[in-house]
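Student: next input, structure requested:
(one chain, ligands or ions: 1)
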Amino acid sequence: MKTIWAAQALLPTGWASDVAVTVDETGQITDIADGQPARGHRAGILLPAPANAHSHAFQRAMAGLTETRGPDPRDSFWTWRRLMYRFLDLLTPEQVQAITALVQMEMLEAGYATNVEFHYLHHQPGGVPYYDLSEMSQRITAAALQTGIGLTLLPVQYQFGGCDRRELTAGQIRFGNDPARFARLMEEASRALTALPADTRLGVAPHSLRAVAPESVTEAPELAAGGPIHMHLAEQLAEVEEVQSAYGQRPVEWLLDNAHVTDQWCLIHCTQMEVHETTALALTGAVAGLCPITESSLGDGIFDGVRWLDTQGKIAIGSDSNIRISLSEELRTLDYSQRLRDGSRAALATPEHSTGRRLFNAVCTGGARAAGRNAGHIAKGYLADLLALDDGHIDLAGQSGDKLLDCWIFAGDDRMVTDVWSAGRHLVKEGRHIARDQITAAYGEAIKPLRDAL
Ligand code: ZN
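Tutor: Numbers count the residues shown, from 1 in each chain. Next up, the predicted model:
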C-alpha cells in the first residue's frame, strides 16, 4: 500500500483539496479521502493520466528530418516517404527497442500513463519473418518492461498495397501478413506480453481499408477477443477517393454499413468526414483517436471536434508519428485547429466546463476506453494512472479549479509535470523518468548508425 497526497485533485465529482489516494500492490486505487493531513508522497495538483492512444514508435527517429521538398514541387510527401523507406531498409530489432523505450519515456514525462502501440513493423528488411514471428512485438514488450509504462499492444494486420489488392511495395514489405500468419502473430504476441504487469492489454488493428480485405475488418472483433480494435480511417482525401471508387462508399459510410462498430472500436484520425458521417459515427460510441500534432505535420485536415463532442462522441489523443510528444500541445492544437477553421474562441468549452476541463475529461475517459484499460478517473477500483502538476509553477500558483487545466494546456507545457504513475508505478519524479539517463544513452547509440547511413 502507498499513499499519494495532493493539495488539489480532480475527482469524478469535481475538484477537491487535501486529497489522500491509497494505492495497493496491484496498482489499483483502494481509497480516496479529501480534507486529509499531508502524508505519503506529496504532490501539488493530481490528475488522472490519460493514455496515448496512437503511436508508431519507430517513427520517432525520423522527427525533424523531413521538412524539405523533393524534386516534384507538388509532391509534399516525397521527403517523408523517402526517409521512411530508407529507415525501413535499415531498422534492426535492437534499434526498435531503444527507440520505443525513448518514446515511452517521453510519453511518461509528458503525462501519459499508457502507450497504445499501433505496431506494424513485423518482419526483416525484404519481408522475411524473423525466427520468432513476434520478434518486434517482443522488443516493444522489452521497452515497456524497462520504462514501466502501461502497454496496450495492437499488432497491425497489413496485407495489400491498396483497395485493389495490389502487392506490397518495397517500403511496405516488412508489414505484410496473410490472415493465417497474422493469427499466429497475435498468439505469439499475446505470449510475449505475459512478461509484463497485469495491466497490460492486447488488441488488434486492421491497418486501414486500403491495406486489408473487407473481411479482416468485419471479423476483427473475433481476433480482438474483447480487446480494443483500432484502425486508421478517413485521414486523407486520396484515401477517401480510393475507398469510394473501390467500394462505392466513403470510408466511414462503408464501415458503418459493414461492421458492427461499438465502443470497442477506436478510429484513428477521421479528419475527412462529412457531417452525416461525423454524427453517425459518434453515435456508435466508438472513440475517435485524434493526433493533432501529426495531423498538422502531415496536412491531413481538421477533425470536426465541435460537432463530434456535441454529439456525445468520445475522443482519445495520440502522438502517432511522434514528431513531438506533448500532451498539453496535442490538446492545445486540437482546440486551436477548431478556432482557426471557425474563426471562434474557446471552441470546445461549454457553459459548465472550460476548454481545458472538457478536453482533459474527454481524453482521460476516451483514452482509457481506447486502451482497454480500467482507468481515466481518480476513483476507487480504478488503476492509479496519475499525473501531478507543479502547483508552485509561476502560471499555476494561486490558481484553482478548471483554470489549472487551462493554464497548463494553453499557457504551459510538459515542464509543469512533476510526477507520473502508471498503475501505481512511480516512473516520473521531479519531471524526469527514473531511467532517463540509460534510456537516452541507449537511444543515442542505437540511432548513430541510422544517422550515418541516411
Ligand atoms: Zn497512424
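
Student: is R341 in contact with I302, as I believe?
Tutor: Yes - applying Cβ atoms under 8 Å as the test, R341 and I302 come out as touching, 5.1 Å apart. Where you see a C-beta, it was placed from the backbone N, CA and C, and this is true even at glycine.

Student: buried set for stretch 278-298?
Tutor: Neighbour-count burial for stretch 278-298, with 16 or more other Cβ atoms under 10 Å as criterion, is recorded at 278-282, 284, 286-298.

Student: now that stretch: mean pLDDT?
Tutor: Stretch 278-298 shows a mean pLDDT of 96 in the predicted model.

Student: burial count for C266?
Tutor: 31 (other Cβ atoms under 10 Å).

Student: which helix or which strand is home to it?
Tutor: If you go by DSSP states H and E, C266 is part of strand 265-269.

Student: could I get that strand in CSV with only the CA atoms?
Tutor: What follows is strand 265-269, C-alpha atoms only, in CSV (Å, rounded to 0.1, in the frame of the first residue of the first chain):
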residue,chain,number,x,y,z
TRP,A,265,-13.5,0.5,-31.7
CYS,A,266,-11.1,3.4,-31.9
LEU,A,267,-10.9,5.0,-35.3
ILE,A,268,-7.8,7.0,-35.9
HIS,A,269,-7.8,10.5,-37.5
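
Student: what packs against the helix or strand of the chain with the lowest mean pLDDT?
Tutor: Ranked by mean pLDDT, DSSP states H and E, the weakest helix or strand in the chain is helix 78-90, scoring a mean of 81. Other elements packing on helix 78-90 under the criterion 3 or more Cβ pairs under 8 Å, 6 or more residues apart in numbering; DSSP states H and E are helix 436-453.

Student: chain center to the helix it packs on: distance?
Tutor: 23 Å (Cα atoms, centre = their mean, to the nearest Å).

Student: now what about that helix, what contacts it?
Tutor: The contact list for helix 436-453 (Cβ atoms under 8 Å, 6 or more residues apart in numbering) reads 61, 86-87, 90-91, 94-95, 97-99, 101-102, 105, 109, 146-147, 433.

Student: and the residues you listed, which are buried?
Tutor: So, by 16+ other Cβ under 10 Å, the buried ones in the contacts of helix 436-453 are 61, 86-87, 91, 95, 97-99, 101-102, 105, 109, 146-147, 433.

Student: list the ones among those that fall in strands.
Tutor: Mapping those onto strands (DSSP state E) picks out H433.

Student: quick check, nearest of the buried ones among the contacts of helix 436-453 to V417?
Tutor: Closest approach between the buried ones among the contacts of helix 436-453 and V417, by Cβ to Cβ: E109, at 6.6 Å.

Student: for the closest one, what are its contacts?
Tutor: Going by Cβ under 8 Å, 6+ apart, the list of residues near E109 reads D414, V417, V420, V428, G431, R432, H433, R436.

Student: ditto for S297
Tutor: S297 sits in contact with S321, I323, where contact means Cβ under 8 Å, 6+ apart.

Student: tell me which element it falls in.
Tutor: Going by DSSP H and E, S297 is in helix 292-298.

Student: show me how far that helix is from its chain's centre.
Tutor: Worked out by Cα atoms, centre = their mean, helix 292-298 lies 13 Å from the chain centre.
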